[in-house]
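**Q** build me a model from this:
(chains A and B)
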Amino acid sequence: MKKISLVSIIAVAAVALGACSSQPPAPEQKAAGVEDRSAIPVNNTPAVQPVVPAPLAEDSGLAVLKDPKSILSKRSVFFDYDSFVVKGEYQALLEAHGKFLVAHPALRVLIQGNADERGSREYNVALGQKRAEAVKKRLLVLGAKEDQVESVSLGKEKPRCSESAESCWAQNRRGDILYSGEF
Amino acid sequence: MRIRLLAALSLFLATALPAFAQLTIEITGAGANRLPLAVADFAGERIVSQAVTSVIRADLERSGLFRLVAPGTVALPETATPAYSEWKERGADALLAGSVNAAGEGRYETRFRLHDVQKQGVLGGLSFAHGAAQLRTTAHRISDFVYEKMTGERGIFSTRIAYVVKSNGRYELQVADADGMNSQAALVSREPIISPAWSPDGGKLAYVSFEAKKPIVYVHDLASGHRHVAANFKGSNSAPAWAPDGKKLALVLTKDGNSQLYLVNADGSGATRLASSAGIDTEPQFSPDGQSIYFTSDRGGSPQIYRIAATGGEAQRVTFEGSYNVTARLSPDGKSMAFIARNSLGRFQLALMDLATRQTQVLTDSAKDESPSFAPNGRSIIYATEIAGHGVLAAVSSDGRVKQKFSVQAADVREPAWAPFGK
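**A** This is a model prediction of the structure:
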């Protein structure tokens, strides 16, 4: 709600700005000479008003989720090349998060899927989505409720590692679990 | 309180307004038979801050279709009869002459005439009334006139290009004139912005913004700065494409699992499923007649381009060569399709298919091409690529000859979208 009102204020501000910066349309003028045509008025290129997104709240109440001694602080699931299968090594991690969600039904998680840099941006959004969806399905099997888990994709837009090498790409083929307050 | 907040915000917006460094354009390949043209200095053009003729010359030169003949140092008004034989001797087939006249109260009148040197006659001319701020716009209009008279095709010098600039973890959706000048930020964000798409009337951009930590599709009115959410369903919302009537968007939602194609009204209402597959369907693009939608799907095992009627139904596969063909973009006449193909060496390159013959030509020799977009006259395609680790834009003519590079210093430029002709 807070975000919506801020956006509308920005929109109002943008309109106010637009009103100051735009110029009245040029009046038509008669030109003598060339081909007996009247002068064509040239207007300014239409102005472009910017929108600045509202910042998001950053606040997590549950310390255990960030405690490095707890498995719950581990949030990333890595995938093989061109694969969307959650590997066995992540079973304990996902079980811990699944149990935690069952124990805290008011908590929600956002699973952000990621892809490596190769290929089209939108196709990579779809690949990242498949990875996020695979993680979500495991959490649901482990008892989390559908309305607690949202799977989304960042495609190749937020690489953890930005070199063009397999070691780097492997870090970017990933699903991350974010809890309420972290997104 | 409200007023103070408004003032503070205005200030922030104002400081956010100056965009990154200008988009610079470099010509990296030219047409085979360039038309020899002389653009004489316009009489009186020194009264304004920037010579109209320097903008016209740069426009026509950049198109790769003209060879500019040295115009000499004497200004030539449109009213004079040129010494045709002299211009013929200099090698010009055509000659542009004109004048800039003060019309009082900061207004100007710019007139020109285009001469056929060979036939010793006038091809045409116009007169524009403008202020000092519309000098470049006036020059682009004159370039469009010259271009159309001499090539028979509409010029694109008065059009605009949208693109995304990334620098130091900051993303800006910018709109600039086709010559890279006059860039303005439409959206500034700490999170990525992808897939800008112009509404058919050129007034709005649909795009995907990750500012809420997930992809959401917005429709943004450029003149007012108002925007609204076109799709924010559970899951990812992405890949918006306008229907030619501007009333609907095809886009991708994941609310029922995998990435699938939907149609929504431009105001965000009435989402309906367009197609169903067990795999990924994404990157929809309407054909110019609005009858079909081209899209990328991995339903056959690898990402390939398919076509489906805009009303839904059975999808037909369009690409068969290679194991990765994505991002279909139709030419304005609907006869050809630009797309990105991965070759056997793993290079992603811009390709062009003649839809009638299925003949395909690879237009580039780069390795990381993406996001092609046709110029509204169909003559060239702008796309994103990488040079020495930097994101740049490049444009190539549909015959592969004329090439340009668009870059911004110390920043990555990507996601180009060429605006339609202004109405």
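**Q** from here on, contacts and neighbour counts on C-alpha atoms
**A** Will do.
**Q** find the closest residue to chain B in chain A.
**A** Nearest to chain B in chain A, going by Cα to the nearest Cα, is residue A:50, at a distance of 4.1 Å.
**Q** from residue B:227, how far off is that residue?
**A** When Cα to Cα, to the nearest Å is applied, the distance between residue A:50 and residue B:227 equals 10 Å.
**Q** now residue B:152
**A** 38 Å.
**Q** who's more crowded, those two?
**A** residue B:227 (18 against 9; other Cα atoms under 10 Å in any protein chain shown).
**Q** quick one, grab the pLDDT at that one.
**A** On the pLDDT scale, residue B:227 is placed at 97.
**Q** what about the closest residue to it other than its chain neighbours, how many neighbours?
**A** Nearest residue to residue B:227, sequence neighbours excluded (Cα to Cα, 6 or more residues apart in numbering or on different chains): residue B:220, at 4.0 Å. Residues near residue B:220, counting by other Cα under 10 Å, number 26.
**Q** element containing residue B:220, please.
**A** Assigned by DSSP states H and E, residue B:220 falls within strand B:216-221.
**Q** which strands and helices lie in contact with that strand?
**A** strand B:204-209, strand B:227-231, strand B:237-242 (3 or more Cα pairs under 8 Å, 6 or more residues apart in numbering or on different chains; DSSP states H and E).
**Q** buried ones in the shortest one?
**A** Within strand B:227-231, the residues scored as buried using 16 or more other Cα atoms under 10 Å in any protein chain shown are B:227, B:229, B:230, B:231.
**Q** poorly predicted segments of chain B, please.
**A** Confidence mapping of chain B against pLDDT under 70 gives the ranges B:1-21, B:423.
**Q** 80 instead, please
**A** B:1-21, B:31-32, B:47-50, B:423 (pLDDT under 80).
**Q** and the direction of the strand holding residue B:220 versus that of strand B:237-242, what angle?
**A** Inter-element angle recorded for strand B:216-221 and strand B:237-242: 30 degrees (by axes from the mean of the first three to the mean of the last three Cα atoms, to 10 degrees).
**Q** roughly how far apart are the most centrally placed residue in chain A and residue B:210?
**A** For chain A, the residue nearest the mean C-alpha position is residue A:154 (5.4 Å; Cα atoms, centre = their mean). Shown here: residue A:154 relative to residue B:210, a distance of 8 Å by Cα to Cα.
**Q** what of residue B:345?
**A** For residue B:345 relative to residue B:210 (Cα to Cα), the value is 32 Å.
**Q** out of those two, which sits in the busier spot?
**A** residue B:210 (21 against 7).
**Q** do a quick rundown of the helices in the chain.
**A** Reading this off chain A. Listed in chain order, the helices of chain A (DSSP state H) span A:2-21, A:91-103, A:121-141, A:166-172.
**Q** not what I meant, chain B
**A** In chain B, the helices defined using DSSP H lie at B:2-16, B:52-62, B:84-89, B:135-151.
**Q** setting aside sequence neighbours, what's the nearest residue to the residue in chain B that chain A sits nearest to?
**A** Nearest residue of chain B to chain A: residue B:186, at 4.1 Å (Cα to the nearest Cα). Counting by Cα to Cα, 6+ apart, residue B:186 lies nearest to residue A:50, which is 4.1 Å off, once chain neighbours are set aside.
**Q** state the pLDDT value of that neighbour.
**A** Reading off the confidence values, residue A:50 has pLDDT 71.
**Q** was I right about it contacting residue B:221?
**A** No. Counting by Cα atoms under 8 Å, residue B:221 is not a contact partner of residue A:50; they are 10.1 Å apart.
**Q** higher neighbour count, these two?
**A** Applying other Cα under 10 Å to residue A:50 and residue B:221 shows that residue A:50 carries more neighbours, namely 29 against 19.
**Q** about what we covered before: give me the contacts around the strand holding residue B:220.
**A** B:203-210, B:226-232, B:236-238, B:240, B:266 (Cα atoms under 8 Å, 6 or more residues apart in numbering or on different chains).
**Q** stretch B:357-374 too?
**A** Stretch B:357-374 is touched from outside by A:118-121, B:327, B:329-332, B:338-340, B:346-354, B:380-386, B:396, B:398-400, B:415-418, with contacts defined as Cα under 8 Å, 6+ apart.
**Q** show me the domain layout of the chain.
**A** As the question left the chain open, I've gone with chain A. Listed by automatic domain parsing, the domain ranges of chain A are A:1-55, A:63-179.
**Q** hmm, I had chain B in mind actually
**A** Split by automatic domain parsing, chain B gives B:34-151, B:160-418.
**Q** for those domains, which one sits closest to residue A:111?
**A** With Cα to Cα, the closest approach to residue A:111 among the domains of chain B belongs to domain B:160-418: 9.4 Å.
**Q** can you check the distance spanned by that closest one, start to finish?
**A** End-to-end distance for domain B:160-418: 6 Å, by Cα to Cα.
**Q** isn't residue B:191 up against residue B:170?
**A** Yes. Counting by Cα under 8 Å, residue B:191 touches residue B:170, with 7.1 Å between them.
**Q** who has more neighbours, these two?
**A** Per other Cα under 10 Å, whichever of residue B:191 and residue B:170 has more neighbours is residue B:191, with 19 against 14.
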